[in-house]
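Asks: sequence? don't have it. structure:
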């Protein structure tokens, strides 16, 4: 009877609720979620079948009440799952005295999960050709006993102008003073860096470009948990990253509109609302592409969140070239005289008269429909040529009482300039109730030319995302950030020799820019992108990369420098890689045979339940997920404290270099 009910339900849902099926198979997890949430579509479907209605609903005063618990017990009946991954998985685990598996015991509650997300650090998946398995496993607090311990490192290589040099115990290189690239899980690498006293609490700037959770990347979870998984991924890393920042340190985070609001909540929690700086808006696209056919408004923006660790952060003043503004509307005819004798003319009147016109009407008549553009160009030319004499009339914000008195005086005595002297500062000049600002004060040298400028705002529209594909000699379409963006961030927040950290390094833009700008950098990345990898890019930089910011006068990059590369020493992580890239079931079974004798498996795994016959009844993806779940995630990498254990087979050189790296005897 039970089997008949299950068959009836399956066919019913296939017709009325096809969303519960994946690859033409009923997805028990989806139906379970729907039952827990009293999904209307599920309940309506069940009510159309008399047998199902009678079995799972009870009438109470003419109202039908869904017997949720009974339905869930029916749904999870193991007899329906003979050849499935779930059936196989359910046969593995610890049992209580009554023979119930712990996972089925509703008396056990997970109070707060720690999600160890093993995800690509800096790029979305939409532009990647690789097929990778990602997992997001929940560990109870008492399970996290080794996960975040300091990790041992391996494959130490120094890169400089002479190429790469594999380091040995007796190599004469101070590995603690090098720019650093670490390959491995960024959460665990961050916790390992905490053991370095010369790094922990010394990082001036952190820049991250995390996965954007677009739906096209690795965060393909049940929609109910999509944001939760992504935010936990972000939060876990921010908590340890904050510990690495100096007291006057700051973090920048690139983000899009999808997760902007969610990310703000997490950053507020970790860094505090009081340490939030203005959100930067970037123009990251144009309408000169397929976007122009989309509905308005076309989204071309990205954002950068900025949080300081404390109020000790003081940004560097940064200026950008700007155009002439008609706010600078007056010309002082006799600036060589004392200020109380100054005579101000409007620049528009001067331009009109230079063309033989008495006013704007005659000027319009002379130049036609383009008269405003022509007049503006003439005003700009005049203002730049006479910048020492050109002023704007401003309303001063929150003036002191002394200055306000002079402003009021000038308002009453029209067309005269009044001077208010200040100790240790330039005088304030007041005219007709306004204050004068000189156009010459806006001029600074930018890229070898003295031009009008304005102080950096939170709208960065001058940073182009177009044509950056070849930057650094690596190609990441729609993935990497412009070098000029990172240059601006470093200008704003650091000086030479400050430590810069990027733990979602991706193609290495942050490290490349820091290298060119003489900052010390630390980059962490899990995946190896081959010729598009940060290591390859930094080798290009050392050799004299001419792209990106290299040709800016204030950078003038030539070549040189060096960096240290190393990797977290893998333990269970090496099996994860093998599982991810396996193509056939027989390959996975060979991996399992090795894992049984060499990997660190979860204690509740009953190896006797793993039979090759049962295993081969699963789909390839199910086989991969199952093997991933057998591994104890506390043992992804080798702990530093256990690097001399025989089972890890670390060489004397590796052990010696780890001791130098962490400064231990």
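Replies: Sure, I can see it. Owing to the predicted nature of the structure, the values given are computational and were not obtained by experimental measurement.
Asks: I figured residue 496 hits residue 519, correct?
Replies: Yes - counting by CB atoms under 8 Å, residue 496 does reach residue 519; the two are 6.6 Å apart. (C-beta placed from N, C-alpha, C; glycine too.)
Asks: got the domain boundaries for the chain?
Replies: 2-79, 152-313+471-568, 330-455 (automatic domain parsing).
Asks: quick one, which of those domains is nearest to residue 579?
Replies: For those, proximity to residue 579 was assessed by CB to CB; domain 152-313+471-568 is nearest, at 15.4 Å.
Asks: what about the closest one, average pLDDT?
Replies: Domain 152-313+471-568 shows a mean pLDDT of 89.
Asks: confirm that residue 545 sits in a strand.
Replies: No - using DSSP: H, G, I helix; E, B strand; the rest coil, the assignment for residue 545 is coil, not a strand.
Asks: what ranges do the helices span in the stretch 551-665 of the chain?
Replies: Counting by DSSP state H, counting those that start in this stretch, one finds helices in the stretch 551-665 of the chain at the ranges 572-581, 585-598, 612-616, 620-630, 652-662.
Asks: for residue 231, phi and psi?
Replies: The phi/psi pair for residue 231 (degrees, to the nearest 10) reads phi -70, psi -40.
Asks: enumerate every residue touching it.
Replies: 262-263, 265-266 (CB atoms under 8 Å, 6 or more residues apart in numbering).
Asks: hang on, residue 11 in a helix?
Replies: Yes - assessed with three-state DSSP, residue 11 lies in a helix.
Asks: tell me how many other residues crowd it.
Replies: Residue 11 has 12 neighbours, counted by other CB atoms under 10 Å.
Asks: roughly how far apart are it and residue 21?
Replies: The gap separating residue 11 from residue 21 is 11 Å, by CB to CB, to the nearest Å.
Asks: just residue 496 next, same as before
Replies: Distance of residue 496 to residue 21, computed by CB to CB: 60 Å.
Asks: confidence score at the closest residue to residue 452 other than its chain neighbours?
Replies: Spatial nearest neighbour of residue 452, chain neighbours left out: residue 442 (4.6 Å); criterion: CB to CB, 6 or more residues apart in numbering. With respect to pLDDT, residue 442 scores 95.
Asks: confirm for me that residue 442 is in contact with residue 453.
Replies: Yes - look at residue 442 against residue 453 with CB under 8 Å: they come within range, at 5.7 Å.
Asks: can you list residues touching both of these two?
Replies: residue 322.
Asks: which SS state does residue 467 fall under?
Replies: coil.
Asks: what's around it, how many residues?
Replies: 8.
Asks: any idea how far it lies from residue 321?
Replies: 19 Å.
Asks: could you pull out the helices in the stretch 151-300 of the chain for me?
Replies: Going by DSSP H, counting those that start in this stretch, the stretch 151-300 of the chain shows helices at 186-193, 223-244, 260-271.
Asks: out of those, which is closest to residue 646?
Replies: helix 186-193 (22.3 Å).
Asks: the closest one - contacts with which helices or strands?
Replies: The helices and strands touching helix 186-193, judged by 3 or more CB pairs under 8 Å, 6 or more residues apart in numbering; DSSP states H and E, are helix 223-244, strand 520-525, strand 563-568.
Asks: winner for burial among those?
Replies: strand 520-525 (a mean of 27; mean count of other CB atoms under 10 Å).
Asks: now the angle between strand 563-568 and that one, please.
Replies: Put simply, strand 520-525 runs at 30 degrees to strand 563-568, going by axes from the mean of the first three to the mean of the last three CA atoms, to 10 degrees.
Asks: quick one, strands of the stretch 151-300 of the chain?
Replies: For the stretch 151-300 of the chain, the strands defined by DSSP state E, counting those that start in this stretch cover 153-160, 163-166, 179-183, 203-208, 245-255, 280-283.
Asks: can you put those in TSV and add mean neighbour count and distance to residue 625?
Replies: Converted to TSV, the strands of the stretch 151-300 of the chain look like this (neighbours: other CB atoms under 10 Å; distance: least, CB to CB, whole Å):
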stretch	mean neighbour count	distance to residue 625
strand 153-160	20	28
strand 163-166	12	37
strand 179-183	23	25
strand 203-208	25	28
strand 245-255	21	30
strand 280-283	18	38
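Asks: okay, those strands in JSON lines with distance to residue 414 next?
Replies: Output for the strands of the stretch 151-300 of the chain, formatted as JSON lines (distance: least, CB to CB, whole Å):
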{"stretch": "strand 153-160", "distance to residue 414": "69"}
{"stretch": "strand 163-166", "distance to residue 414": "74"}
{"stretch": "strand 179-183", "distance to residue 414": "63"}
{"stretch": "strand 203-208", "distance to residue 414": "51"}
{"stretch": "strand 245-255", "distance to residue 414": "48"}
{"stretch": "strand 280-283", "distance to residue 414": "41"}
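Asks: quick one: closest of those to residue 553.
Replies: Taking CB to CB, strand 203-208 is the member of the strands of the stretch 151-300 of the chain nearest to residue 553, at 22.7 Å.
Asks: okay, now the sheet partners of that closest one, with direction.
Replies: Strand 203-208 has the following sheet partners, assigned by DSSP bridges: strand 245-255 (parallel), strand 499-502 (parallel).
Asks: thank you, goodbye.
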